[in-house]
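Q: mind looking at a prediction? Sequence and model below.
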Amino acid sequence: MTKNRKWIILFLTPGIILFIFVFLISIVLLVGTSFTNWSIGSSISFSGIKNYIYLFTKDKDFITSIFNTIKWIALQSTIHILIGVGLALILAKSKWYTSLVRTVFFIPNIISSAALGLLFLCIMNPQFGMVNNIITKIMGEQFVHNWFMNPDTAFFSVTMTWLPYAGLVTILVMAEMASISKEIYEAASIDGASSFQQDIYIVLPMMRNIIGTATILAATSMLQKLDIIIMTTGGGPGARTMNMPMYLYNTALVDNNYGLANAQGVILIILGLITLISVRKIYRMDKEN
């Protein structure tokens, strides 16, 4: 250990320097400026916890953005994961369609979010969109409306735009399933376990850590989801689809209030840490299988 200490320090130093300058200093500046009045073109002045008090007592749209973000995290951590894991269990059976479905289902993950948002905007267009055309033929024109701008369907419509990203969950789970020894399946078959029972009592428990990791990726992605909302609703109508990244964007770049925006950024980081810790506790990721 003593002989390698110099090499260990040498190889760790670039990473430590990168972490300090890219992350640590940025977080310190973010937290520090969240206690100030700061806008471009004016001097910075200390304001204490004024920004935080305003956000939680007077800014109703910010509270709405928090609840929307939490709801999307919950949906992404359940429906999104169920779709991805369920499809992984099906495709792992090595049927003739496995490679085709896996490739097709993963395509949305290699398309930019902005392009995907534009695609859904066209599909759900109230005039020429495919969804409304199908509804018109089946149920009549009285059921046609603007999906993204109607207050009753805006949240649901935006939610639909990130369901295709479940393909990443499928790929991660299938990659982990490939490491399970065939002898385990053979032993279970000899004991009379059906394919469904093997999935429930053998595969899923062994996939706990990777499913937890996929859940963290899916949940935390909702803490940075901005481009699709900009392309589809802009946070509207009203604040029905406003999430925290979108609200932070508006506060900083539209309202030119960087002190308040940084306070929102601190709250966003705290929500991310709570999400990370909660998922790790739920899936018991610190314990061995």
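A: Okay, I see it. Numbers count the residues shown, from 1 in each chain.

Q: what's in contact with the helix or strand bottoming out on mean pLDDT in the chain?
A: When each helix and strand of the chain is scored by mean pLDDT, DSSP states H and E, helix 98-106 comes last, with a mean of 75. The contact list for helix 98-106 (C-beta atoms under 8 Å, 6 or more residues apart in numbering) reads 87, 91-92, 164, 166-168, 170-171, 174. Any C-beta I mention is one placed from the backbone N, CA and C, and that applies to glycine too.

Q: how about these, which pair is most distant?
A: Spatial extent of those (C-beta to C-beta) is set by the pair Ala92 and Pro164 at 20.1 Å.

Q: least confident of the contacts of helix 98-106?
A: Among the contacts of helix 98-106, Pro164 carries the lowest pLDDT, at 76.

Q: wait, doesn't Thr241 sit right on Val158?
A: Yes. Counting by C-beta atoms under 8 Å, Thr241 does reach Val158; the two are 4.8 Å apart.

Q: what backbone torsions are found at Gly235?
A: Main-chain torsions, Gly235, degrees, to the nearest 10: phi 100, psi -10.

Q: which one of Thr241 and Val158 is surrounded by more residues?
A: Thr241 (27 against 24; other C-beta atoms under 10 Å).

Q: can you give me the strands in this structure?
A: According to DSSP state E, the chain carries its strands in the segments 36-37, 45-46.

Q: what's in contact with the first one?
A: I take that to be strand 36-37. 44-47, 50, 259.

Q: between those residues, which is closest to Ile73?
A: Once C-beta to C-beta is applied, the member of the contacts of strand 36-37 that ends up nearest Ile73 is Gly259, at 26.3 Å.

Q: mind listing what the residue nearest to the closest one when sequence neighbours are not counted touches?
A: Excluding the flanking residues, the one nearest Gly259 by C-beta to C-beta, 6 or more residues apart in numbering is Trp38, at 3.9 Å. Applying C-beta under 8 Å, 6+ apart to Trp38 gives the contacts 44-45, 257-259, 262.

Q: identify the residues contacting Ile79.
A: Ile79 sits next to Leu163 when contact means C-beta under 8 Å, 6+ apart.

Q: tell me which of the contacts of Trp38 is nearest to Ser189?
A: Nearest to Ser189 among those is Asn262, at 58.0 Å by C-beta to C-beta.

Q: those helices in the stretch 51-200 of the chain, which residues are they?
A: Assigned by DSSP state H, counting those that start in this stretch, the stretch 51-200 of the chain shows helices spanning 60-75, 81-91, 98-106, 113-123, 130-139, 154-160, 166-177, 182-190, 195-198.

Q: give the rounded mean pLDDT of stretch 277-286.
A: The pLDDT scores in stretch 277-286 average 87.

Q: try stretch 13-23
A: Averaging pLDDT along stretch 13-23 yields 89.

Q: next, the buried residues of it.
A: Going by neighbour count (16 or more other C-beta atoms under 10 Å), nothing in stretch 13-23 comes out as buried.

Q: picking that back up, and for Thr241 and Val158, which residues touch both?
A: Joint contacts of Thr241 and Val158 (C-beta under 8 Å, 6+ apart) are 229, 232-233.

Q: and which of the residues you listed is nearest Leu273?
A: Checking those against Leu273 with C-beta to C-beta, the nearest one is Ile229 at 22.8 Å.

Q: any idea how far Thr170 is from that closest one?
A: According to C-beta to C-beta, to the nearest Å, Ile229 stands 25 Å off from Thr170.

Q: who's in contact with the residue most central in space within the chain?
A: Geometric centre of the chain, nearest residue: Ser221, 2.3 Å, by C-alpha atoms, centre = their mean. Ser221 makes contacts with 76, 162, 165, as judged by C-beta under 8 Å, 6+ apart.

Q: thank you, goodbye.
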